[in-house]
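[1] sequence and predicted structure, then a few things I'm wondering about:
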2 protein chains.
Amino acid sequence: MQTEVQSRDVFYVSDGTAITCQTIGHTVLGQFPFSVNQQTFPFIENEDKVEDVVKEIERSYNQSGEKPLVFFSMVIPEAKQRLLTANALFYDVLDTMVNLVEKDLNLEAKPKLQRSHSVGKDHEGYFDRIAAIEYTLAHDDGVSLKGLEEADLILLGVSRSGKTPTSLYMAMQFGLRVVNYPFIDEDIAKLRLLPQFEIHRHKLFGLTIDASRLTEIRSNRLAGSDYASAAQCKTELNSVESLFRREAIPYINTSNMSVEEISTRILERTGLKRRIF
Amino acid sequence: MQTEVQSRDVFYVSDGTAITCQTIGHTVLGQFPFSVNQQTFPFIENEDKVEDVVKEIERSYNQSGEKPLVFFSMVIPEAKQRLLTANALFYDVLDTMVNLVEKDLNLEAKPKLQRSHSVGKDHEGYFDRIAAIEYTLAHDDGVSLKGLEEADLILLGVSRSGKTPTSLYMAMQFGLRVVNYPFIDEDIAKLRLLPQFEIHRHKLFGLTIDASRLTEIRSNRLAGSDYASAAQCKTELNSVESLFRREAIPYINTSNMSVEEISTRILERTGLKRRIF
């Protein structure tokens, strides 16, 4: 009896960063029962580079006897045509969708050399993003509580509940200015809202987490410590959650959530909008 | 004569974060000559929520007299079927591609409830990502030069050349541990490589930038300062670039590049691979 665990060669090819090709290809292929050997070719923006990719594809085909899968996005017509001559299965990650929209709306698309992850000529969004990252870094982990009036969001929670990665993700990907403030051991017994937060109540949002998951995460950092003990985690979470309820601060449980999920749930609950795309 | 600047309602709908729907929809629509009013509906995972979205779609159709565009990804079959009954133009951002792969490979895909931006049951990648973010934060802006042996990459450059956003992006999205170290004014006159970096030479990578762009960025922060002056920017960049050349440190010019482009160019030049997707 033969096992059927196959493996396929996969290429992500773009005249841009190929990040969108990777994202889509990776998610699509995750639904198929084979493993992948993946290679990424970004910035394939001239003939020589296309020739190199075509060579790699042909090598893969000759070695494996199977056409590799190519998830691609190419704006330059000549480069795209040349790529498509190679022995492969091709998936155009953007144009497939663009063509459907064109048909439905009876409108012609104008391909842009400037793609999803490039900076506009006017640097549109660039400064917003950098400013959001800087603001968020300067207000990480309770380091500073100055300039709260500029904050879009103030995250509260115990150590390791996901505040820092969530804050940085929301700054980087959504362009939002996020303050995060940890409740530390000394606060826990007599937990109260800092007076500085009073006039910014509408910006407050809490993160909590299952005690067992918190123990796991903290143990990964400081195994065997009081800090990571189940008892300590439970005490901290109980008093923080009762503060959230007492003060009517909206909060979510981040156990088993990725940073993307936590960030999106926060937008959903607060009504905040992404500033950048 | 009527102007033809139209506007269309656009919905991003998903039983996950809808981040992939937004990314694809936004890029696709950027190629069409109309503006968009966009709304995002993440976590549409039960009947009630689907009904709410359908109502919003119907409201948009009734108000505008035009079918809105819906970029969606729904794993739950019943929810998907109900969504598709609304008066809209539908674009399935993942299944469109999944179906093409199924046909080509003559294989059936198994849709996963666990999508691109969720945490695996075994928290696969979770700790790598968090550890990379923490390491990178702890080594931002020359704060610490301890533990360089754990670094994947050491970024060098003048203030405002893009080191911090690039480091954080590479940690967050690629799972890489990045140190960044600034050359400050006092170093510039007698610029040399820190002895600590000697045994990690293979990890060094330089960022530079056009003097005019650096002046613009610094002025945005401290208008009229010496720090932002064209003369100061030129002096710093000249001496840093000559250090890069003298020490054979690979470097790129980040002017007009997004954080995604800088990060991808660095992977390309160094051969480093993404650790997470």
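    Looks like it arrived, so ask away.
[2] from now on I want contacts and neighbour counts done on CA atoms only, so please keep to that.
    OK.
[3] measure A:Asp128 to B:Phe244 for me?
    For A:Asp128, the distance to B:Phe244 (CA to CA, to the nearest Å) stands at 30 Å.
[4] brain fart, A:Leu156
    Spatial separation of A:Leu156 from B:Phe244 under the definition CA to CA is 43 Å.
[5] contacts only, for A:Leu272.
    Remark: with contacts taken as CA atoms under 8 Å, 6 or more residues apart in numbering or on different chains, A:Leu272 is in contact with A:Asp152, A:Ile266.
[6] just the pLDDT for it.
    Looking at A:Leu272, its pLDDT stands at 97.
[7] packing partners for the one helix or strand in chain A whose mean pLDDT sits lowest?
    Considering only helices and strands, the least confidently modelled element of chain A by mean pLDDT, DSSP states H and E is helix A:185-188, at a mean of 74. Using 3 or more CA pairs under 8 Å, 6 or more residues apart in numbering or on different chains; DSSP states H and E, the elements in contact with helix A:185-188 are helix A:230-246.
[8] contacts for the helix it packs on, please.
    Residues from elsewhere that reach helix A:230-246, judged by CA under 8 Å, 6+ apart: A:157-158, A:183, A:185, A:188-189, A:191-193, A:206, A:208-209, A:211-212, A:214-215, A:226-227, A:250-251.
[9] go through those and flag which are in strands.
    Judged by DSSP state E, strands contain the following of those: A:Gly157, A:Val158, A:Phe183, A:Gly206, A:Thr208, A:Tyr251.
[10] widest-spaced pair of these?
    In the ones in strands among the contacts of helix A:230-246, the most distant members under the criterion CA to CA are A:Phe183 and A:Tyr251, with 14.5 Å between them.
[11] what ranges do the strands span in chain A?
    Secondary structure of chain A (DSSP E): strands at A:6-14, A:34-41, A:69-73, A:89-92, A:153-158, A:178-183, A:204-208, A:251-253.
[12] neighbouring strands of the first one in the sheet, and parallel or not?
    It refers to strand A:6-14. For strand A:6-14, sheet partners with direction are given as strand A:34-41 (parallel), strand A:69-73 (parallel), following DSSP bridges.
[13] what about A:Gly46, distance to chain B?
    Not quite, residue A:46 is Asn, not Gly. 16 Å (CA to the nearest CA, to the nearest Å).
[14] how many neighbours does the residue of the stretch 151-277 of chain A found nearest chain B have?
    When you check the stretch 151-277 of chain A against chain B by CA to the nearest CA, the closest residue turns out to be A:Ser258, at 5.1 Å. Applying other CA atoms under 10 Å in any protein chain shown, we find 22 other residues in the vicinity of A:Ser258.
[15] any idea how far it is from A:Pro165?
    Relative to A:Pro165, and taking CA to CA, A:Ser258 is found at 10 Å.
[16] same thing with A:Ile19?
    Counting by CA to CA, the gap from A:Ile19 to A:Pro165 is 20 Å.
[17] so which of the two has more stuff around it?
    A direct count of neighbours by other CA under 10 Å for A:Ile19 and A:Pro165 places A:Pro165 higher, at 23 against 20.
[18] what's the closest non-adjacent residue to the more buried one?
    For A:Pro165, ignoring the flanking residues on the chain, the nearest one in space by CA to CA, 6 or more residues apart in numbering or on different chains is A:Val259 at 6.7 Å.
[19] residues touching the one you found, list them.
    Taking CA under 8 Å, 6+ apart as the test, what A:Val259 contacts is A:Gly162, A:Pro165, A:Thr166, A:Tyr169.
[20] quick check, nearest of those to A:Leu100?
    Relative to A:Leu100, and with distances defined as CA to CA, the nearest of these is A:Tyr169, at 31.9 Å.
[21] so, in contact with chain B or not, stretch A:142-149?
    No - contact check for stretch A:142-149 against chain B, using CA under 8 Å from any CA of the partner chain: none in range, with a minimum separation of 13.2 Å.
[22] buried ones in that stretch?
    Applying a neighbour-count criterion of 16 or more other CA atoms under 10 Å in any protein chain shown, the buried positions in stretch A:142-149 are A:Leu145, A:Leu148.
[23] now stretch A:252-268
    Result for stretch A:252-268 [16+ other CA under 10 Å]: buried residues A:254-268.
[24] among those residues, name the ones in helices.
    When the buried residues of stretch A:252-268 are checked against helices (DSSP state H), the matches are A:Val259, A:Glu260, A:Glu261, A:Ile262, A:Ser263, A:Thr264, A:Arg265, A:Ile266, A:Leu267, A:Glu268.
[25] mind putting those residues into JSON lines with pLDDT?
    Rendered in JSON lines, the data for those read as follows (pLDDT from 0 to 100):
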{"residue": "A:Val259", "pLDDT": "95"}
{"residue": "A:Glu260", "pLDDT": "95"}
{"residue": "A:Glu261", "pLDDT": "96"}
{"residue": "A:Ile262", "pLDDT": "97"}
{"residue": "A:Ser263", "pLDDT": "98"}
{"residue": "A:Thr264", "pLDDT": "97"}
{"residue": "A:Arg265", "pLDDT": "97"}
{"residue": "A:Ile266", "pLDDT": "98"}
{"residue": "A:Leu267", "pLDDT": "97"}
{"residue": "A:Glu268", "pLDDT": "95"}
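[26] still on that earlier bit, who has more neighbours, A:Leu156 and B:Phe244?
    Taking neighbours as other CA under 10 Å, A:Leu156 and B:Phe244 compare with A:Leu156 leading, 26 against 21.
[27] find the nearest non-adjacent residue to that one, please.
    A:Gly206 (4.7 Å).
[28] for the one you found, report the pLDDT, please.
    As predicted, A:Gly206 sits at a pLDDT of 98.
[29] same question, A:Tyr135
    According to the predicted model, the pLDDT of A:Tyr135 comes to 97.
[30] next one: the residue nearest to it when sequence neighbours are not counted from A:Ser161, what distance?
    Excluding its sequence neighbours, the residue lying closest to A:Tyr135 (CA to CA, 6+ apart) is A:Arg177, at 6.0 Å. In this structure, A:Arg177 lies at 19 Å from A:Ser161, with CA to CA as the measure.
[31] same question for A:Gln173.
    In this structure, A:Gln173 lies at 20 Å from A:Ser161, with CA to CA as the measure.
[32] between these two, tell me which one has more neighbours.
    Neighbours were counted for A:Gln173 and for A:Ser161 using other CA under 10 Å; A:Ser161 has more, 24 against 18.
[33] mind listing what the more buried one touches?
    Residues counted as contacts of A:Ser161 (CA under 8 Å, 6+ apart) are A:Leu207, A:Thr208, A:Ile209, A:Leu214, A:Thr254.
[34] and stretch A:242-253, how far from the chain's centre?
    Computed by CA atoms, centre = their mean, to the nearest Å, the chain-centroid distance of stretch A:242-253 equals 26 Å.
[35] just the terminal-to-terminal distance for that stretch.
    One end of stretch A:242-253 to the other measures 14 Å (CA to CA).
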